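Chemist: Pasting a predicted model and its sequence here:
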Amino acid sequence: MRSMKKALLSAALLICGTAAFAKSPWRVPVHFAITNDAGMGNSWFVVGSHPDLGSWNALEAVPLAWHDGNVWSADIGIQAGTGFEYKFVKRPTDADNYPDGNRTEWWPEENLSFSVPAEPEAPYAGKKVVFLCDWPEPVQMWYCMLSRPELGATTGEWQTPTMTKTGEGRYEISGVGEPGEWMQFTFCHPLEGEEDPGKWWWYHFRPTDEEETDFWSPLDAFCVRDAQVFGYEPVPTADGWVSGSRIVSTNVHSTADGIDGREIRIYLPRGYDENTDRRYPVVYFSDGQNVFQPGGTYGCWNAETAADREIRGGRMREAILVAVPCRTNEIAGMPGTSEYARLWEYLPGTDKLMTTDLQGLGANYAKFLIDNVKPTLDYNFRTLPDRLNTAHVGSSAGGLLSLYLGTAFGDVFGLVAPMSGVYNEEYIPNFRQWCLDHPEAVALPGRVWLDTGTEETDIGELNLYESNWDALTLLLYAGHVSNKSFHFGVYSGWAGEHNEPAWADRIADVLRFLLPATDEFNPLLPRTVSLSEDGGIVVPVYAHSTPSLVRVPSLSGDPRTDPAASTVWTLPEPAERPWATTNCAPAAAGFYWLKDE
């Protein structure tokens, strides 16, 4: 091993509140750094005992970024309230050797260790489950916790509690599993006289008409109905079924110079028509002709199928997806080059299209999305229009566009997923330099998914694989935190190719990362207040909620209609952390209601 001059570990930690502390789904940025010359073609990573550090699998180690003086460092999000062991590992990053986890050097010999301070514990014990079905009693829930967010990564013993019937066609149970953790589960009805579970009635998740499997979700309170998971109790419909997703189309006019208007396709999630009080985040896609079935000339991402599966499984927020097709007309004076027209439209305005004098139309295209497409969606559909509910996903040149939108137009697009993007020096020298000169812009996106494939070393004579490692460095330089605001993925084999089937294989993971199911307020979570020792009222505060404490003069008073009702306290802005409590001192004696928005 090369001479080790110095190894450093530092941590940026924040402890909140004075309540009891425990393990939490919150990820705390921990700063890792090592000083060493890794040698040509190698990089340093961190691997450790916790799933956030790859569970000792070198192929899942988290990359560090090189800095002057051969310092390799990065902030990595580690689960609050956990202790872990770790090592630094040096690996080759070239496409041929990266998939081989045996080509590694580990340092030091003895494991290093660290403990991440805990967050306040959940104001409830275990998870709450509501199961709506027409089964007779008894109904059992079978569940097991997951060591990582992946179906089948079960840990420990399966538990089989019996649910309580609380109404006709309604079963409930509370206190199952661990708050904040992923859980795999299903339901069953033991048939009379049958002791063999293989002969019981089982209720499974059905991702497609041909498949069925267990459910798996991170939600702490949820309702299961129609073989789907909901983070709320869905509105009953006349036929008793939740409406499915659907795709509609509309034409959008363009006011942006050089950008044509076009027909876009819009995916509306399940229950859109009956849940009229719900608003939705929006995901915009470039190369929209390939996004939904039947796809385009080069294939299909099947994004609507992936979204259906992730939403129905309780792993992704219900969302509106917008497929915006690429430019297809030829460039004047360059016959037979419709593909170049697409590249021109997606190219950042900082650079020229390869060997031409054509300045990139990316800024004009952004204007088309911001001034024409987005207002069409916001006016005609129930959207959440703010930046942290507005995403963009693209691949190849569309991936470059996605990163450009998240940086140069990060005040609009707060969630981006550039897949297999083109970041080569010879293709976008000016935009690369702009990113280095404007780290504050590169830091803007609330979440960035970046990925590449080991088969992308010669795409149009460009090594996209290597250029994505450059993009990784730019994002880490700007302060993005792996496991928190940032994900970097490397795929190999057929999944690492540069084509629609490869991107279709990744899209479910992309959507789950950009729009996790836990990223909105869950009205099924317990909302019980209690008295503190000093006479104040202890209020539970959940992520993305804005709770208010409302006083009414009598127990029969309704805070929604009673003219004497008064709000005595409101959280000033939506909570960010998964859970906490706040002590509110009431203005006067009376009866108090907790209202969450």
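Modeler: Received, thanks.
Chemist: When you work out contacts or count neighbours from here on, use the C-alpha atoms and nothing else.
Modeler: Will do.
Chemist: Find the helix or strand that the residue nearest to Ala471 when sequence neighbours are not counted is a member of.
Modeler: Leaving aside its chain neighbours, Ala471 sits nearest to Tyr423 (6.9 Å; criterion: Cα to Cα, 6 or more residues apart in numbering). In this assignment (DSSP states H and E), Tyr423 forms part of neither any helix nor any strand.
Chemist: now Tyr423: how far from Thr452?
Modeler: Taking Cα to Cα, to the nearest Å as the measure, Tyr423 falls 11 Å from Thr452.
Chemist: Tell me which of these two has more neighbours.
Modeler: Thr452 (30 against 26; other Cα atoms under 10 Å).
Chemist: Looks to me like the more buried one is in a helix.
Modeler: No. Per DSSP: H, G, I helix; E, B strand; the rest coil, Thr452 lies outside any helix segment and is strand.
Chemist: what about Ser554, distance to Pro586?
Modeler: Taken as Cα to Cα, the span from Ser554 to Pro586 is 15 Å.
Chemist: Apologies, that question was intended for Ser467.
Modeler: With distances taken as Cα to Cα, Ser467 is found 58 Å from Pro586.
Chemist: Pull the contacting residues for the residue nearest to Ala471.
Modeler: Each residue near Tyr423 by Cα atoms under 8 Å, 6 or more residues apart in numbering is listed here: Leu400, Arg432, Leu464, Ser467, Asn468, Asp470, Ala471.
Chemist: where does the residue of the chain most remote from its centre fall, helix, sheet strand or coil?
Modeler: Distance from the C-alpha centroid of the chain peaks at Gly193, with 45.1 Å (Cα atoms, centre = their mean). For Gly193, the assignment made with three-state DSSP gives coil.
Chemist: just use 46 as the starting number from now, easier for me
Modeler: Understood, numbering begins at 46; the last thing we discussed is Gly238.
Chemist: In whichever helix or strand Ser158 is part of, which residues are buried?
Modeler: Element membership of Ser158, judged by DSSP H and E, is strand 150-160. Neighbour counts over strand 150-160 (16 or more other Cα atoms under 10 Å) mark Glu150, Trp151, Trp152 as buried.
Chemist: now those as JSON lines including pLDDT and distance to Glu202?
Modeler: As requested, the buried residues of strand 150-160 are exported to JSON lines (pLDDT from 0 to 100; distance: Cα to Cα, whole Å):
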{"residue": "Glu150", "pLDDT": "94", "distance to Glu202": "36"}
{"residue": "Trp151", "pLDDT": "96", "distance to Glu202": "33"}
{"residue": "Trp152", "pLDDT": "95", "distance to Glu202": "35"}
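Chemist: quick one: which of the contacts of Tyr468 sit in helices?
Modeler: Leu445, Arg477, Leu509, Ser512, Asn513, Asp515, Ala516 (DSSP state H).
Chemist: As JSON lines, the buried residues of strand 150-160 with distance to Ala167 would be great.
Modeler: Shown next, in JSON lines, are the buried residues of strand 150-160 (distance: Cα to Cα, whole Å):
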{"residue": "Glu150", "distance to Ala167": "40"}
{"residue": "Trp151", "distance to Ala167": "37"}
{"residue": "Trp152", "distance to Ala167": "37"}
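Chemist: and which of these is nearest to Asn320?
Modeler: Nearest to Asn320 among the buried residues of strand 150-160: Trp151, at 53.2 Å, using Cα to Cα.
Chemist: which residues touch the residue nearest to Val274 when sequence neighbours are not counted?
Modeler: In this structure, Val274 finds its nearest non-sequential neighbour in Gly359, 4.9 Å apart by Cα to Cα, 6+ apart. Contacts of Gly359 were listed using Cα under 8 Å, 6+ apart, and they are Trp261, Ser262, Pro263, Leu264, Gln273, Val274, Phe275, Gly276, Ala562.
Chemist: can you count the residues close to the second one?
Modeler: By that I understand Ser262. Neighbours of Ser262 (other Cα under 10 Å): 24.
Chemist: How about the last one?
Modeler: Number of residues near Ala562 (other Cα under 10 Å) recorded here: 23.
Chemist: How about the third one?
Modeler: Neighbouring residues of Pro263 were enumerated by other Cα under 10 Å; the total is 25.
Chemist: Can you give me every residue that contacts it?
Modeler: Counting by Cα under 8 Å, 6+ apart, Pro263 touches Pro194, Gly225, Glu226, Trp227, Met228, Gly359, Arg360, Ala562, Thr563.
Chemist: Which phi and psi values does the last one adopt?
Modeler: Spelled out, that is Thr563. The phi and psi values for Thr563, taken as degrees, to the nearest 10, are phi -80, psi 0.
Chemist: isn't it right up against Ala266?
Modeler: No. Using Cα atoms under 8 Å, Thr563 is not in contact with Ala266; the gap is 10.1 Å.
Chemist: what do the two both touch?
Modeler: The overlap between the contact sets of Thr563 and Ala266 (Cα under 8 Å, 6+ apart) is empty.
Chemist: Would you mind measuring from the residue nearest to Val274 to Ala351?
Modeler: 13 Å.
Chemist: How about Ala163?
Modeler: 34 Å.
Chemist: Just read off the phi/psi values of the residue minimising distance to the centre of the chain.
Modeler: The centroid of the chain falls nearest to Phe558 when counting by Cα atoms, centre = their mean (2.1 Å). For Phe558, the backbone dihedrals (degrees, to the nearest 10) come out as phi -80, psi -40.
Chemist: Contacts only, for the nearest residue to it once chain neighbours are set aside.
Modeler: Leaving aside its sequence neighbours, Phe558 sits nearest to Trp494 (Cα to Cα, 6+ apart; 7.5 Å). Contacts for Trp494 (Cα under 8 Å, 6+ apart) come out as Val461, Ala462, Pro463, Met464, Phe531, His532, Phe533, Val555, Phe558, Leu559.
Chemist: ok, 7 Å please
Modeler: With contact set as Cα atoms under 7 Å, 6 or more residues apart in numbering, Trp494 has these partners: Val461, Ala462, Pro463, Phe531, His532, Phe533, Val555.
Chemist: Point me to the helix or strand that includes it.
Modeler: Assessed by DSSP H and E, Trp494 sits inside strand 492-498.
Chemist: cool, Ala462 as well?
Modeler: Counting by DSSP H and E, the element that carries Ala462 is strand 460-464.
Chemist: Can you list the helices and strands that that strand packs against?
Modeler: Here strand 460-464 touches strand 435-440, helix 442-453, strand 492-498, going by 3 or more Cα pairs under 7 Å, 6 or more residues apart in numbering; DSSP states H and E.
Chemist: Leu639 is nearest to which of those?
Modeler: When the helices and strands packed on strand 460-464 are ranked by proximity to Leu639 (Cα to Cα), strand 435-440 comes first, at 29.7 Å.
Chemist: Just the C-alpha atoms of that closest one, please, in CSV.
Modeler: In CSV, the C-alpha atoms belonging to strand 435-440 read as follows (Å, rounded to 0.1, in the frame of the first residue of the first chain):
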residue,chain,number,x,y,z
THR,A,435,-40.9,20.4,-9.4
ALA,A,436,-38.6,17.8,-10.9
HIS,A,437,-36.9,17.1,-14.2
VAL,A,438,-35.6,13.8,-15.5
GLY,A,439,-33.6,13.3,-18.6
SER,A,440,-31.1,10.9,-20.2
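Chemist: Who does that strand pair with, and is each partner parallel or antiparallel?
Modeler: strand 327-330 (parallel), strand 460-464 (parallel) (DSSP bridges).
Chemist: Go through those strands and pick out the most buried.
Modeler: Comparing the strands paired with strand 435-440 by mean neighbour count (mean count of other Cα atoms under 10 Å), strand 460-464 comes out on top with a mean of 30.
Chemist: Now do it and strand 492-498, the angle between them.
Modeler: Angle, strand 460-464 to strand 492-498, by axes from the mean of the first three to the mean of the last three Cα atoms, to 10 degrees: 10 degrees.
Chemist: Shouldn't Arg372 be within a helix?
Modeler: No. If the criterion is three-state DSSP, then Arg372 is coil and not within a helix.
Chemist: elements contacting the strand holding Ser158?
Modeler: Strand 150-160 sits against strand 128-137, with contacts defined as 3+ Cα pairs under 7 Å, 6+ apart.
Chemist: Buried residues in the strand it packs on, which are they?
Modeler: Under 16+ other Cα under 10 Å, the buried positions of strand 128-137 are Gly128, Phe129, Glu130, Tyr131, Lys132, Phe133, Val134, Lys135, Arg136, Pro137.
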